[in-house]
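Engineer: Show me how the following folds:
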Amino acid sequence: MQFEINLVLTPEQAFHPDHFLSIASKKLNITASDISSYRILHKSVDARQRNILVNLKLQILTGGEKVINPIEPFHSKNVTNKQEVLIVGSGPAGLFAALHLIENGYKPILLERGKDVHERKKDIALLGRNKSIDPDSNYCFGEGGAGTFSDGKLYTRSVKRGNVKRFLELLCFFGASEEIMYEAHPHIGSDKLPHIIQNIREAIVQAGGEIHFNSRLVDFKVSSDSVKQLVLQDGRSFKSDAVILATGHSARDVYDIFTRQKLSVENKGFAMGVRVEHPQELINRIQYHGDPQSKYLPSAPYTFATQIDGRGVYSFCMCPGGFIVPASTAEGEIVLNGMSSSARNSGFANSGIVVEIRFEDIPSEFKMDSLPALSFQKQLEKLAFDNNNNGFEAPAQRLNDFMQNRNSNSLPQSSYTPGLNISSLNHWLPAGISSRLQKALLQFEVKMKGFNTNEAIVAGVESRTSSPVRIPRIAETLSHTEMKNLFPCGEGAGYAGGIVSSALDGINSAQMVIQYLSR
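Structural biologist: Residues are numbered from 1 along each chain as shown. You can find the predicted model right below:
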């Protein structure tokens, strides 16, 4: 027989299968020995009250029945000699567009400016030691995209974009833990993602697709209303009847190509701010109310969102048990991001705290630029670089000192490996950002008493929450408004905001390419 049951448990009960199966069997009026197999369907932590609870939904089978693996596999086809589709970028949008094309009998050819994940790790290690930066191989560029080394957070509200369950199934098929199928806020971990990305690449190549690394796009050749050819930095060129553009939010040179070709691009709203880091034990103590059973729970996350002076201020890419990482893509700029391993056990908790930026917030000196929002973003990253003392060290300040507009005399230990240097962020951040951050942090302290402490730091800057540029496309076809065979998608095109939404947008774009080519 098969049963589904919802349980409300203590953290210790939910931690031990023997405990929750015993409780489930009593509720079902069977013995624990009757249970032949089980599967967790959903799991979430409710920490709103002092006594923390865990909600668990189980599928239980008895009578010798076994749970059937619910993961639908990747349906590969041999596409070696099939119609080719060019995909620029091998982040979530590009990779999952490629998988969708293969399942439907088309040959994807991916052009990736960076290196494969293993070579990319070497460049990231050098950057982490504050040695050097490769502008084509770093935390933002390379196989797997920016998401590969930013924790692999899979939570999304974009359920209307497509089949999230199918996306998660494919990740499991390629090596992710099945926990992502039932966790309320699933993540994979930057230690596990490279292997999954490699498995996806091997599946694409085995099916007859192609992936070309160190292949940066530098120009289009267009005729009438179509892109006829893509030109790479080494002089190679590729022709195709359709192009999926999935270049990510940091590929600024792609926007330059559009400007040079007089193709439409436009400014869009985005956000900038700082990255805040606390000892994880402090966040656990706040979020779990000092509950002794919190040792059975994962490192505690948090989320904030408020309105300050007409602009949203919110937490972004919160990494419990994580690390702050250098997400710059060039010399002369400081950009921060966060990541966690699958265990989330670094001892630190960090999150972006960012302020919404609208076009009217952009200083007048940038308004004459072709893309003012992008220019403003670059300026803040340059300010962060100018306010540090050594390479990719990050300017930082104790949190309470930031709140009180006073200089810090020292900094606590941090997870940021290139190093920190003391800098008064409230003196050089744009006033519209720093003042809103300070007001928002006062509200955050009310929700999480103890959050505003000098055990924590603010470091600059968190500037690439999303692209400040949108590449316009036709809603019905997802093709560019002027190029009928060019399909911009994902974060770089301004239509996604994370791994899940980017992957779904890539799949949707691939489906539109199939419809276009079939016509």
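Engineer: count of neighbours near residue 249?
Structural biologist: 25 (other Cβ atoms under 10 Å). To be clear about C-beta, it is placed using only N, CA and C from the backbone, and glycine gets the same treatment.
Engineer: Settle this for me: it is touching residue 147, isn't it.
Structural biologist: No. Assessed by Cβ atoms under 8 Å, residue 249 is found out of contact with residue 147, at 11.1 Å.
Engineer: so how many other residues sit close to the closest residue to residue 359 other than its chain neighbours?
Structural biologist: Nearest residue to residue 359, sequence neighbours excluded (Cβ to Cβ, 6 or more residues apart in numbering): residue 267, at 5.7 Å. Using other Cβ under 10 Å, residue 267 has 21 other residues around it.
Engineer: go on, residue 204?
Structural biologist: 26.
Engineer: Go through stretch 117-125 and flag the buried ones.
Structural biologist: 117, 120, 123, 124 (16 or more other Cβ atoms under 10 Å).
Engineer: average pLDDT across that stretch?
Structural biologist: Mean per-residue pLDDT for stretch 117-125: 95.
Engineer: Check stretch 64-78 too.
Structural biologist: Average pLDDT, stretch 64-78: 90.
Engineer: any idea how far it is from the chain center?
Structural biologist: 27 Å (Cα atoms, centre = their mean, to the nearest Å).
Engineer: per-domain residue ranges of this structure.
Structural biologist: Listed by automatic domain parsing, the domain ranges of the chain are 2-62, 84-265+471-518, 267-462.
Engineer: Would you format those domains as TSV with distance to residue 74 included?
Structural biologist: TSV is the format used below for the domains of the chain (distance: least, Cβ to Cβ, whole Å):
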stretch	distance to residue 74
domain 2-62	21
domain 84-265+471-518	5
domain 267-462	22
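Engineer: In contact with residue 60, which residues?
Structural biologist: Applying Cβ atoms under 8 Å, 6 or more residues apart in numbering to residue 60 gives the contacts 2, 3, 4, 5, 21, 24, 28, 35, 37, 38.
Engineer: Tell me how far it lies from residue 178.
Structural biologist: 17 Å (Cβ to Cβ, to the nearest Å).
Engineer: cool, residue 455 as well?
Structural biologist: 37 Å.
Engineer: can you map out the helices along the protein?
Structural biologist: Counting by DSSP state H, the chain has helices at residues 11-15, 17-28, 92-103, 117-128, 164-173, 193-206, 252-260, 280-287, 372-386, 399-403, 425-428, 431-447, 490-493, 499-518.
Engineer: got the CA positions of the fifth one in PDB?
Structural biologist: Once non-C-alpha atoms are left out, helix 164-173 reads as follows in PDB (Å, rounded to 0.1, in the frame of the first residue of the first chain):
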ATOM      1  CA  VAL A 164      10.700  23.900 -12.600                       C
ATOM      2  CA  LYS A 165      10.200  20.200 -11.600                       C
ATOM      3  CA  ARG A 166      11.700  19.100 -14.900                       C
ATOM      4  CA  PHE A 167      14.600  21.400 -14.500                       C
ATOM      5  CA  LEU A 168      15.300  20.000 -11.000                       C
ATOM      6  CA  GLU A 169      15.000  16.400 -12.400                       C
ATOM      7  CA  LEU A 170      17.600  17.100 -15.000                       C
ATOM      8  CA  LEU A 171      20.000  18.400 -12.400                       C
ATOM      9  CA  CYS A 172      19.400  15.200 -10.400                       C
ATOM     10  CA  PHE A 173      20.000  13.100 -13.500                       C
END
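Engineer: That one versus helix 499-518: what angle between them?
Structural biologist: 100 degrees (axes from the mean of the first three to the mean of the last three Cα atoms, to 10 degrees).
Engineer: Setting the sequence-adjacent residues aside, check what's closest to residue 195.
Structural biologist: residue 175 (5.7 Å).
Engineer: list the contacts for that neighbour?
Structural biologist: 192, 195, 196, 199.
Engineer: at 7 Å what do you get?
Structural biologist: 195, 196, 199 (Cβ atoms under 7 Å, 6 or more residues apart in numbering).
Engineer: Got a ChimeraX select line for the buried ones in the residues you listed?
Structural biologist: Selecting only the buried entries of the contacts of residue 175 in ChimeraX, with 16+ other Cβ under 10 Å as the criterion:
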select :196,199
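Engineer: What is the nearest of the contacts of residue 175 to residue 298?
Structural biologist: residue 196 (20.4 Å; Cβ to Cβ).
Engineer: how near is the residue nearest to residue 195 to residue 342?
Structural biologist: Distance from residue 175 to residue 342, by Cβ to Cβ: 12 Å.
Engineer: With residue 256 instead?
Structural biologist: 38 Å.
Engineer: Same check on residue 91?
Structural biologist: 20 Å.
Engineer: where does the stretch 101-250 of the chain have low pLDDT?
Structural biologist: 156-160 (pLDDT under 70).
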